[in-house]
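Novice: would you be able to build a 3D model of this:
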Amino acid sequence: VASEDIASWDDLIGKELTSFGMGLTPDLLFNYLLNENLGDKKDQITINYVNAGSEVAPLIISGKASIAVLPEPLVSVVMSKNENLRIAFDLQEEYAKISENNNLFPQASLLVNNDLTENHKEFVEKFLQEYEVASVWINENPMEAGAYYESLELGLPKGIVAKGLPRMNTTFVGSKNAMP
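Specialist: Residues are numbered from 1 along each chain as shown. Presented below is the predicted three-dimensional model:
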């Protein structure tokens, strides 16, 4: 997100931005995209790291930072609190542009112990089927999914969750289709 006018990767040259979690997925992806889009010019960008996205949010909301790398639903939170912010780049879309197969990048994975798959194969298969159904449901019903999330009292109102869901890439991809 940015309060500055950022229309292309070149617009980041000479800028300072705030990010979090050095070495974590958002950081690795962002640096990969910088390298792919700017090459050596990426070294002309200063990235200030904090520990967590929750530390970036007050900096971008208050204007102490003008460009930040954030995940959803924090993007929706900060944009609801500062009307001067806009999404400069959707990292999923940017990755898809340079991906060989126009793929999205995985943000999370579900790993299952071999013992569980061997000894409780039917349970694992049923769980994965229900997991896929749930991922489709939340994308087709963002307001209901947001209301459910809000009912769990995890700290975000349903409107923020519903607004962020389309950008969260909550998509089920089975292991057989996950690798190119």
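Novice: strands along the chain, start to end?
Specialist: For the chain, the strands defined by DSSP state E cover 16-20, 46-50.
Novice: number of nearby residues for the closest residue in space to residue 75 that isn't next to it in sequence?
Specialist: Excluding its sequence neighbours, the residue lying closest to residue 75 (CB to CB, 6 or more residues apart in numbering) is residue 1, at 5.8 Å. (Glycine included, C-beta is placed from N, CA and C.) By the criterion of other CB atoms under 10 Å, residue 1 has 25 neighbours.
Novice: which stretches of the protein have low pLDDT?
Specialist: 101-102, 179-180 (pLDDT under 70).
Novice: show me the helices in it, by range?
Specialist: Ranges of helices within the chain are 25-38, 53-62, 74-81, 91-98, 114-119, 121-140, 142-151, 158-164, 175-178, based on DSSP state H.
Novice: circling back: measure the residue nearest to residue 75 to residue 37 for me?
Specialist: 18 Å (CB to CB, to the nearest Å).
Novice: circling back: could the strands of the chain go into JSON lines alongside mean neighbour count and distance to residue 155?
Specialist: Shown next, in JSON lines, are the strands of the chain (neighbours: other CB atoms under 10 Å; distance: least, CB to CB, whole Å):
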{"stretch": "strand 16-20", "mean neighbour count": "20", "distance to residue 155": "18"}
{"stretch": "strand 46-50", "mean neighbour count": "15", "distance to residue 155": "19"}
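Novice: and those: which comes nearest residue 91?
Specialist: Nearest of the strands of the chain to residue 91, taken as CB to CB: strand 16-20 at 11.4 Å.
Novice: which strands or helices does the closest one pack on?
Specialist: helix 25-38, strand 46-50, helix 53-62 (3 or more CB pairs under 8 Å, 6 or more residues apart in numbering; DSSP states H and E).
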